[in-house]
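K.L.:
pasting the sequence and the predicted coordinates here, then a few questions.
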Amino acid sequence: VKGAELTLADDVEGKGFRVDTSMTIDLAGHTYTATAPGVGSFDISNQVLHISPWCNNNVANDNEVCSVTIKNGTIAVKAEQESLKFVIQNYSNLTLTDVVLDGTNLTEGYVVSANAGNLTVNGGEVLGKEGVVALDLEFHRNYTATKRTVKFNENGQTRTTINGVIKYYRDSKLDDNDTFKEVGSWEEYLKVEMKNIVGDNSFELSKTTCKDSNISFNGKVLECVGEETCDRCGSEIAGE
């Protein structure tokens, strides 16, 4: 039901869930622990939480982007669930408030993969590890019509722990995308502002995005270091 609020009454295990409408999920201090096989879209089922890009039964022509809020608790993965590759796959306008996203039991993949919509995070933790990307930010060729923002702790009153790599890149096929050619400078369409970030983290930018990145991290603008074709740019400012 659009606009509904779902509140967890206790710790619970489940096989993942999809969100196809605007809603609020209040974890109420509890933990949702995912087991295989997970959920996804089309024939893919490898995600703990899949948030669809469009409301109204996922009909893109209606152009209503879902707005989803998750707050006050933990989403984790049970050990030895090898088919799970994502904690959250997001295509909506997503707000996370005081949420721990624990991907440390994943064998590979992503804690948060945000390919469309705006992402707003206040407090909480995003826990990846070697081989598990903490935060995956892609400018995708299918979602070029709307400017996007990624904001962490915008009010300056909260703090977020991020452990793992933060990836920022564009779809390799964007250069052949007519919509992208019309909008011009791609960095205007994926703006990242991250405040009060702690933890063991670093940035990884693709070779094509290094010189065009639009990232502010803990009060500093991330800039390329060394060659413009570097695979890892600006990592020296991360984790301050």
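P.N.:
Right, received. Where do you want to start?
K.L.:
thought residue 132 was touching residue 102?
P.N.:
No: here residue 132 does not reach residue 102: they are 10.4 Å apart, not a contact under Cβ atoms under 8 Å. From N, CA and C alone the C-beta is placed, and that goes for glycine too.
K.L.:
overlap in contacts of those two?
P.N.:
Taking Cβ atoms under 8 Å, 6 or more residues apart in numbering as the contact rule, the neighbours common to residue 132 and residue 102 are residue 111.
K.L.:
the two: which has the busier surroundings?
P.N.:
Under the criterion of other Cβ atoms under 10 Å, the comparison of residue 132 against residue 102 puts residue 132 first, with 23 against 20.
K.L.:
burial check on residue 50, number of neighbours?
P.N.:
Neighbour count of residue 50, defined by other Cβ under 10 Å: 22.
K.L.:
surely residue 102 and residue 78 touch.
P.N.:
No: if you go by Cβ under 8 Å, residue 102 and residue 78 don't touch, sitting 10.5 Å apart.
K.L.:
quick check: what element follows the lowest-mean-pLDDT helix or strand in the chain along the chain?
P.N.:
Counting by mean pLDDT, DSSP states H and E, the chain has its least confident helix or strand at helix 178-183, which shows a mean of 51. For helix 178-183, the succeeding helix or strand toward the C-terminus, using DSSP states H and E, is strand 190-194.
K.L.:
give the buried residues for that next one.
P.N.:
Of all the residues in strand 190-194, those buried under the rule 16 or more other Cβ atoms under 10 Å are 190-192, 194.
K.L.:
lowest pLDDT pick from the residues you listed?
P.N.:
Lowest model confidence among the buried residues of strand 190-194 falls on residue 190, which carries 79.
K.L.:
is it true that that residue touches residue 137?
P.N.:
Yes: Residue 190 is in contact with residue 137 according to Cβ under 8 Å; the separation is 6.7 Å.
K.L.:
residue 44: which of the buried residues of strand 190-194 is nearest?
P.N.:
For the buried residues of strand 190-194, the minimum distance to residue 44 (Cβ to Cβ) is 23.5 Å, reached by residue 190.
K.L.:
from residue 163, how far off is the nearest residue to residue 66 once chain neighbours are set aside?
P.N.:
Spatially, and ignoring its direct neighbours in sequence, residue 66 is nearest to residue 92 (3.9 Å; Cβ to Cβ, 6 or more residues apart in numbering). With the distance defined as Cβ to Cβ, to the nearest Å, residue 92 ends up 24 Å from residue 163.
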